[in-house]
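In: Pasting a predicted model and its sequence here:
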Amino acid sequence: MASLLSSGVLLRRNPHILKLPPYLSFLCVLIGVAWLLVLPLDNYSRNTYISENALLPGQVHTYFAGSDQNVFRGYKREIDALEDKPNIEVNDKLEEILKASGLKVARQSYEYKSAGQTYTGENIYAILHAPRGDATEAIVLVAAWKNMEGKLNRSGIPLILTLARYFKRWSLWSKDIIFLVTADSTAGPQAWVDAYHDTHQSPAIDSLPLKSGALQGAIVIDYPFDHRFHSLHIAYDGINGQLPNLDLLNTVVSIASGQMGIGVSLQQMWQHSDSYQDRLQTMLRGMMNQGLGHASGPHSSFIPYHVDAITLQPFGDGWQDEMAMGRVIESTFRSLNNLLEHLHQSFFFYLLMQANRFVSIGTYLPSAMLVAVNFTIMAIFLWVKSGYPQSTNSKTPSTVEAEEKTSQLNSSQKGNAKVITAEESSAVRERELLLPLAVVAGSQFLGVLPLYIFNHTPQNMLTPVFVSFAVANNALPYILSRTLTHLFNPTTQQYQLIKSFSLLLLGLFLSSLATLNFSLAFLVGLLATPLTYIYPTSSTSALSYVLKAVLALVLSVIAPTAVLVAASWSWGLSIEKVLTQAAYGWDVWGMNTQVVVWCVWWPAWIVGGVLLFGRPREETTKLNERGQESKAVI
Amino acid sequence: MKLDILFQLPVALALLASMPVAAEHTSNWAVLVSTSRFWFNYRHLANVLSLYRTVKRLGIPDSQIILMLPDDMACNPRNAFPGTVYSNADRAVDLYGDNIEVDYRGYEVTVENFIRLLTDRVGEEMPRSKRLLTDDRSNILVYMTGHGGNEFLKFQDAEEISAFDLADAFEQMWEKKRYHEILFMIDTCQANTMYSKFYSPNIIATGSSEIDQSSYSHHADNDVGVAVIDRYTYYNLDFLETHVREPSSKKTLGDLFDSYDEAKIHSHPGIRWDLFPGGEQGGRDRLLMDFFGNVQNVEVNSVVNDTEWKEDLLALGKKIAELRERAEADEAAERNVSTAEPLLKNHSSQRIRAAKVEIDGKWWEKKAIGAWTLAGCSLVWLAATYMES
């Protein structure tokens, strides 16, 4: 133990060790990124498998065919006639149809306000009570009247009506089945699932007049065309990057591809050749969706309530008809019906790179953690460094080290050699904490400002507000830095501490976020990486000005606002659309991506800018004394 | 005391003499246990019910079958054919039917209850239908199925029985003379480990799979939606149904075990002979009916000559007379011995007389107390009525 301690002390004294952390943190980022890139390889990802024994996917014959197709066609004609009718009128007709099938029907209207817009609608749902089961559990079949793109769910609605009629004929249900038709794909499901769990905001959102047992799973049909389809696209991302249990996805994949012979694709990868590129692309798209934390379908609203849910979207032009789709759902429901307890056996944290290939949290988590650790390493390093006895003006770390070394040498020559050296080098300089803490805390609280602004600005004002904010945002670091220098004239140590605290918080937030929303933590971590390497300098040489200008450019490129502009440009969306969507997510879904952007990333970026334009005060008095002293000795 | 034993002896001898020499057991019992719950374990219930039907077909009455079913598949809401259990996708035979007696069901199927059943450590309140009322002349078929592993078998969802528990239970049965022979069959993953710890005699054991081997289901019924029977049980039943068609069948255990085909069962079935007297050869020659059917040997002995039977009876009568004489002689001898110690004898007789006197005295005493009590009561009553008036 003693030897370990002494070697620790030796390590601390070793000037080479002090040079290591910046390289180490850079290495962490490199390994983190490389880690992510090797995941699609066969050796690092696994084939999916069913963990829950009770599911028994695809072990039943499906009988949804024949005369039910005529029923489907009949319903389809009815739905086509309702295409442009108002919500209430549509629901009147749906209620009539569902009641004719012998089901209890109820309706719920809702109203959300976001970014100055009002979103209203009425959901309708029917409950099929399990003929021989207890009413303690339920599974949900959902079809939204309009899908995410606003298209009429042309075949999906008739299919849910036909299935309701068909399921009613079976006596083998152990759970209630709820057939839910929502007015739209984003607000409607959220209103319904909130009300189901009594967390809705009355009176804007109605309470549900009819309820059943605990929801065990939900399947959404999104079938907005009336021709035959080729394969099935599964959307599985939930709000805030939460995911449904992998078993649910595996069940549908195994039923669709194994039992019915229908291909399955994910993340809009219409073609997947099982190559490294395709796997990587699927995974990155998945990460992007997860990182944004938005709803990818009506199922997304269910997932925060721990109701495993997915959306099934037929696509392409093939020979699979609506009956095949119905059989997939029938077989899936038979599997869910077999469940004895909530889906829990398989993974909730995973990255999919193909319908039957995934990596689990244990394999991918280190990459985001390494990126987050890079900040923590630097924060600790700066803390240690700030406590070192100050020698002369610090230009670069290496010169600091060199000069510290000479000063130690000097003092050791001065008197009782060894003792004095030890005292000198292990002495901790007093840290002036008030200013750094105030700056970092201030910038963190400043984050509430954009969060509030962007979630409460009316839609038509969003673009001008954003443009003015972006401009102000670019000037803000410079202004803040100037103010800081002018008012307090911080020392190098204080700058080091500002940076240390800022990076410490960032590392802390990101590593905890990585366990909740891996992708968001990874993306923000990566975009914030340059902040690790920004130092304030008081040098006035031309080179340092050029360097500063380059760094300022980099800083403005990685600004949250700039990234937002770039992202919306690459998606082909207007800034207004993106911001409206974000505000909608905040108000309706309870999406917290903005919190991470404005309260975690943005403050760290502001502090980075403050550091870049910072001018450390020269600690003249102390320096002079020591300089004279050492000169005298020499 | 001695006298009583001596008088009983001829009766016992007569019983022994009347017993056929070939069949060493006088009753057949079956303990059939499924240990798993939940709908997706439908096949374990079907396994046990198929075997239940087979032993009933071959003559073991319901009163001698202990059937343990931890779950009710027939009435599970998921069952597409309510009230039925099938072990074949052709659904020709409803195993649940009308005449089924389940002795332990639901949460009664526990390790504790199972071991208590085997060792008969049960309370007085336990009905006879839930007890294994065997003796040292009973052959028992023990069949178990469920989910198991190395040296354990899972019961329901939360507990398991270990191979050691089971071995100790059998040993206790042997010590308590609760069986004559046992045929132990088990169909589970790593089944052969379950009988590896047995150390009591007269047990033949067989299991579906070796250590580190899984046992597999045979086929699924796509309308019921689950696997309906396990492979090992399926092929056992297949043999019993095609080769052991009537109770007079002369098929042996050897025939059954030889029919095991690893290619069909998909695992390596094991057989353990070493606890059986006569080892493998002795075991192989045992009739299947000794375990799967009821004792049928009575007719066989009725063929014996009439005069022979009478002669036997005469000889027996003579023997009884002889034994009686001997008993009297013994008694006389005992009397002689007792006269040699008159003091002891007197003492005992006096004590008997004294006891009688004592009883008499107490009788009077009690009468007196009773009379006084009655008088007292009536006095109190009189006093009370007087005061009230």
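Out: Okay, I see it. Predicted, not measured: the structure shown is a model, and the values here were computed from it. Residues are numbered from 1 along each chain as shown, chains lettered A, B, ... in the order given.
In: Whichever residue of the stretch 451-600 of chain A sits closest to chain B is in what secondary structure piece?
Out: Using C-beta to the nearest C-beta, the closest approach of the stretch 451-600 of chain A to chain B is made by residue A:515 at 30.4 Å. Backbone N, C-alpha and C define where each C-beta goes, glycine included. Element membership for residue A:515 (DSSP states H and E) is helix A:492-516.
In: now residue A:126
Out: Judged by DSSP H and E, residue A:126 forms part of strand A:117-128.
In: Tell me which residues touch the residue of the stretch 451-600 of chain A closest to chain B, please.
Out: Each residue near residue A:515 by C-beta atoms under 8 Å, 6 or more residues apart in numbering or on different chains is listed here: A:349, A:361, A:365.
In: Per-residue pLDDT of it, please?
Out: Listed pLDDT for residue A:515 reads 89.
In: For the closest residue to residue B:288 other than its chain neighbours, list the residues it contacts.
Out: Closest residue in space to residue B:288, ignoring its immediate chain neighbours: residue B:251 at 4.9 Å, by C-beta to C-beta, 6 or more residues apart in numbering or on different chains. Neighbouring residues of residue B:251 by C-beta under 8 Å, 6+ apart: B:243, B:244, B:287, B:288, B:289.
In: could you dump those to JSON lines with neighbour count and secondary structure?
Out: Formatted as JSON lines, the contacts of residue B:251 follow (neighbours: other C-beta atoms under 10 Å in any protein chain shown; DSSP: H, G, I helix; E, B strand; the rest coil):
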{"residue": "B:243", "neighbour count": "13", "secondary structure": "helix"}
{"residue": "B:244", "neighbour count": "22", "secondary structure": "coil"}
{"residue": "B:287", "neighbour count": "19", "secondary structure": "strand"}
{"residue": "B:288", "neighbour count": "22", "secondary structure": "coil"}
{"residue": "B:289", "neighbour count": "24", "secondary structure": "helix"}
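In: export those to TSV and tack on pLDDT?
Out: Listed next are the contacts of residue B:251 as TSV, based on pLDDT from 0 to 100:
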residue	pLDDT
B:243	89
B:244	87
B:287	88
B:288	89
B:289	88
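In: Closest one of those residues to residue B:95?
Out: The closest of the contacts of residue B:251 to residue B:95 turns out to be residue B:244 (C-beta to C-beta; 18.2 Å).
In: Could I get the phi/psi values of that closest one?
Out: Backbone torsions of residue B:244, given as degrees, to the nearest 10, read phi -110, psi 80.
In: Against chain A, how distant is it?
Out: With distances taken as C-beta to the nearest C-beta, to the nearest Å, residue B:244 is found 32 Å from chain A.
In: Test my guess that that residue contacts residue B:287.
Out: No. The pair residue B:244 and residue B:287 does not pass the contact test of C-beta atoms under 8 Å, sitting 9.5 Å apart.
In: How about the residue of the stretch 201-350 of chain B at minimum distance from chain A: what's its closest non-neighbour residue?
Out: Taking C-beta to the nearest C-beta as the measure, the stretch 201-350 of chain B has residue B:225 as its residue closest to chain A, at 4.0 Å. Using C-beta to C-beta, 6+ apart and skipping residues adjacent in sequence, the residue nearest residue B:225 is residue A:60, 4.0 Å away.
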